[in-house]
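Enquirer: sequence below, structure please.
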Amino acid sequence: MDEGGIRKRSSNQEPDETPIKKSKSMNLQKEVGLLSGIGLIVGTVIGSGIFVSPKAVLANVGAVGPCLVIWAACGVLATLGAFCFAELGTMITKSGGDYSYLMEAFGPIPAYLFSWTSLIVTMPSSFAIICLSFAEYTAAPFYPGCDPPTIVIKCLAAAVLFTITLVNALSVKWASYIQNFFAVAKMVIVIIIIVSGIVLLAQGNTKNFNNSFEGPPLSVGTISLAFYNGLWAYSGWNQLNYITEELKNPNRNLPLCIGIGIPLVTVCYVLINISYFTVMTTTELLQSPAVAVTYGDRVLYPASWIVPLFVAFSAIGSANGTCFTASRLPYVAGREGHVLKVLSYINIKRLTPVPAIIFYGAIAMLYIIPGDINTLINYFSFTVWIFYGLTVLGLIVMRFTRKDLERPIRVPLIIPILVLFVSIVLVLAPIITAPELPYLYCVLFIISGLVFYVLFIHFKFSWAQKISKPITMHLQMLLEVVPPEDVPE
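Expert: Sure thing, here's the model as predicted:
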């Protein structure tokens, strides 16, 4: 059913139908303020990564000093990239993040390829992994001395994924409250680790920092792989751009949220790693299956149970933030006609993109079932930095091709040029230094989206339209959704 059909219902409805009364504009509402925006960034970025496996960065650089430099440099890069996205977000005030910017800068094909890759692989797989991480840490205390059964982990992960999807579908405010609560909860354990580490340093536990830059020789390839692992922990630095239409006063709050949220995360990450090194040597850290748990056992005993509890809280907050923001991509892509139109529809009562949220949660659930997506996740950063670089290139291009656009925030041109250069290095360096087939698979998967674009978007085969139309009609009635009105251009 098309949009016109919905608007004409009042004149053509059957006698037993009740007219839909719209008390508000059928658009996403601006309900995310400054505090919620900062909470969303902090809550989404600080997930399970910094608590579980910072050893991946150390494994690539081999020494304490370079490891800490990489963590700080990743934070600087995330901040610079986020400010580039802040200019894009206030210049193009649409939700959808990279998708909307690529559409404006380069047209529908790059935007479609981004949505294709993000909707099917990167975003749902990231959501699934966070939920699996939560499940592992929640189940571990009940199976001391052995690994929890796989079926328990998967069922628990599926349960929390379903719950988070349901909450986000029911209410934006509920999702924001949950995000704020778990952002505070995870900051509690962050503060505990940082403060205890500072106390240990003050007591003279500095031996692991002696000769901290002595280690194996570094190469561009190993540094790039270290950046990949560090940037995975910073994943989510651009998430606020996916909900620009729901952000109160985005011209003010978007840059403020970025300027406060990401540097705060960076300082926390560096200090947490310093705390780890006060009680563990590089060898001990590399051998630890879960660094934060090992730290808790040595420093916080007998209250070491706090660590897995708050790691679980951290994972829930990160998963909720990921679902809240990433579900807006199918909403915008559906609005542009790049996926089923019904994905752009909004629930009449709750004013949330229910079809988009359900679609995102369903795809993520599929990744939990096999549980073996390590190859794709290992090359997650490779894939996303292709599009990050392309998006920042779009910012540079639009400085010359779209001079008419109002730019409430205008970053110095050197910043997007620097971010673009780093993204090119991050993408090419691992391929050049250690070429592997999975890199090729990632590229082929991205390009394969062109097949679907040509068949279903460009030529719009009639049989595809005939199939999608009844699906849209049934979903409309089942989910009580209607097309958005007065969508900002």
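Enquirer: would you tell me what the next helix or strand after the helix or strand containing residue 60 is?
Expert: Residue 60 belongs to helix 55-61 when elements are defined using DSSP states H and E. Next along the chain after helix 55-61, taking DSSP H and E as the criterion, comes helix 64-91.
Enquirer: list the buried residues for that following helix?
Expert: Neighbour counts using 16 or more other C-beta atoms under 10 Å place 64, 66-75, 77-91 of helix 64-91 among the buried residues. In short, each C-beta sits where N, CA and C put it, glycine included.
Enquirer: next one: that helix to chain centre, how far?
Expert: 15 Å (C-alpha atoms, centre = their mean, to the nearest Å).
Enquirer: the following helix or strand past it - what's its average pLDDT?
Expert: Scanning forward in sequence from helix 64-91 by DSSP H and E, the next helix or strand is helix 98-106. For helix 98-106, the mean per-residue pLDDT is 88.
Enquirer: other SSEs contacting helix 98-106?
Expert: Judged by 3 or more C-beta pairs under 8 Å, 6 or more residues apart in numbering; DSSP states H and E, the packing partners of helix 98-106 are helix 108-117, helix 328-335, helix 380-401.
Enquirer: just these: most buried one?
Expert: Each of the helices and strands packed on helix 98-106 was scored by mean neighbour count; the highest is helix 328-335, a mean of 26, by mean count of other C-beta atoms under 10 Å.
Enquirer: adjacent strands (with direction) for the following helix or strand past that helix?
Expert: Heading C-terminal from helix 328-335, the first helix or strand you meet, by DSSP H and E, is strand 346-347. Partners of strand 346-347 in the sheet, by DSSP bridges, are strand 481-482 (antiparallel).
Enquirer: and the angle from the host helix or strand of residue 130 to helix 108-117?
Expert: In the assignment (DSSP H and E), residue 130 maps to helix 123-139. Per axes from the mean of the first three to the mean of the last three C-alpha atoms, to 10 degrees, the angle that helix 123-139 makes with helix 108-117 is 20 degrees.
Enquirer: any chance you could list what contacts helix 123-139?
Expert: 47-48, 52, 148, 152-154, 156-158, 160-161, 164, 235, 290, 308, 311-312, 315-316, 318-319, 322-323, 326, 329, 360-361, 363-368, 371, 373, 376-377, 380 (C-beta atoms under 8 Å, 6 or more residues apart in numbering).
Enquirer: out of those residues, which are buried?
Expert: Using 16+ other C-beta under 10 Å as the burial test, the contacts of helix 123-139 include 47-48, 52, 148, 152-154, 156-158, 160-161, 164, 235, 290, 308, 311-312, 315-316, 318-319, 322-323, 326, 329, 360-361, 363-365, 367-368, 373, 376-377, 380 as buried.
Enquirer: just those: which are in helices?
Expert: In helices, judged by DSSP state H, the following of those are found: 52, 152-154, 156-158, 160-161, 164, 308, 311-312, 315-316, 318-319, 322-323, 326, 329, 360-361, 363-365, 367-368, 376-377, 380.
Enquirer: wait, residue 392 touches residue 84, no?
Expert: Yes. Assessed by C-beta atoms under 8 Å, residue 392 is found in contact with residue 84 at 5.3 Å.
Enquirer: give the residues shared as contacts by these two.
Expert: Common neighbours of residue 392 and residue 84 are listed as 416, 419 (criterion: C-beta under 8 Å, 6+ apart).
Enquirer: I'd assumed residue 387 was in contact with residue 423.
Expert: No. Here residue 423 lies out of contact with residue 387, judged by C-beta under 8 Å, at a distance of 9.2 Å.
Enquirer: list the buried residues of the host helix or strand of residue 419.
Expert: In the assignment (DSSP H and E), residue 419 maps to helix 414-433. Across helix 414-433, burial judged by 16+ other C-beta under 10 Å covers 415-416, 418-420, 422-423, 425-427, 429-430.
Enquirer: can you give me the neighbour number for residue 402?
Expert: Neighbours of residue 402 under the rule other C-beta atoms under 10 Å: 14.
Enquirer: now do the one 10 residues further on
Expert: Using other C-beta under 10 Å, residue 412 has 9 neighbouring residues.
Enquirer: and it, that one's in a strand?
Expert: No. Residue 412: not assigned to a strand; according to DSSP: H, G, I helix; E, B strand; the rest coil it is coil.
Enquirer: need the pLDDT of it.
Expert: 93.
Enquirer: separation between it and residue 237?
Expert: 19 Å (C-beta to C-beta, to the nearest Å).
Enquirer: cool, residue 292 as well?
Expert: Using C-beta to C-beta, we find residue 292 at a distance of 21 Å from residue 237.
Enquirer: who are the contact partners of residue 301?
Expert: Counted by C-beta under 8 Å, 6+ apart, residue 301 has zero contacts.
Enquirer: show the pLDDT at it.
Expert: On the pLDDT scale, residue 301 gets 81.
Enquirer: confirm it sits in a helix?
Expert: No. The assignment for residue 301, made by three-state DSSP, is coil rather than a helix.
Enquirer: got the phi and psi for it?
Expert: phi -60, psi 130 (degrees, to the nearest 10).
Enquirer: mean confidence (pLDDT) on stretch 419-430, please.
Expert: 88.
Enquirer: off-centre distance for that stretch?
Expert: Distance of stretch 419-430 from the chain centroid (C-alpha atoms, centre = their mean) equals 20 Å.
Enquirer: list the contacts of it.
Expert: With C-beta under 8 Å, 6+ apart as the test, stretch 419-430 has contacts from 77, 80-81, 84, 220-221, 223-225, 227-228, 231, 381-382, 385-386, 388-389, 392-393, 396, 439.
Enquirer: and stretch 184-202, by the same measure?
Expert: Identification of contacts with stretch 184-202 by C-beta under 8 Å, 6+ apart yields 39, 42-43, 46, 51, 268, 271-272, 274-276, 278-279, 292, 295, 299-300, 306-307, 310-311, 313-314, 317.
Enquirer: change it to 7 Å
Expert: For stretch 184-202, the surrounding residues in contact (C-beta atoms under 7 Å, 6 or more residues apart in numbering) are 43, 46, 268, 271-272, 274-275, 278-279, 295, 299, 306-307, 310, 313-314, 317.
Enquirer: buried residues in it?
Expert: Buried positions in stretch 184-202, judged by neighbour count with 16+ other C-beta under 10 Å: 185-187, 189-190, 192-194, 196-197, 200.
Enquirer: tell me the contacts of the residue nearest to the spatial centre of the chain?
Expert: Most central in the chain under C-alpha atoms, centre = their mean is residue 236, positioned 4.0 Å from the mean C-alpha point. Going by C-beta under 7 Å, 6+ apart, residue 236 touches 41, 44-45, 321-322.
Enquirer: could I have the buried ones of those as PyMOL selection syntax?
Expert: A single PyMOL command is used to select the members of the contacts of residue 236 judged buried by 16+ other C-beta under 10 Å:
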select buried, resi 41+44+45+321+322
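Enquirer: pick the one among the contacts of residue 236 closest to residue 211.
Expert: residue 45 (31.7 Å; C-beta to C-beta).
Enquirer: any idea of the mean pLDDT for the helix holding residue 130?
Expert: So the average pLDDT for helix 123-139 ends up being 82.
Enquirer: show me the shaky parts of the stretch 51-200 of the chain.
Expert: Along the stretch 51-200 of the chain, the parts satisfying pLDDT under 70 run over 52-53, 95, 144-145.
Enquirer: do the stretch 351-489 of the chain as well
Expert: Checking the stretch 351-489 of the chain against pLDDT under 70 turns up 371-380, 460-472, 474-478, 480, 482-489.
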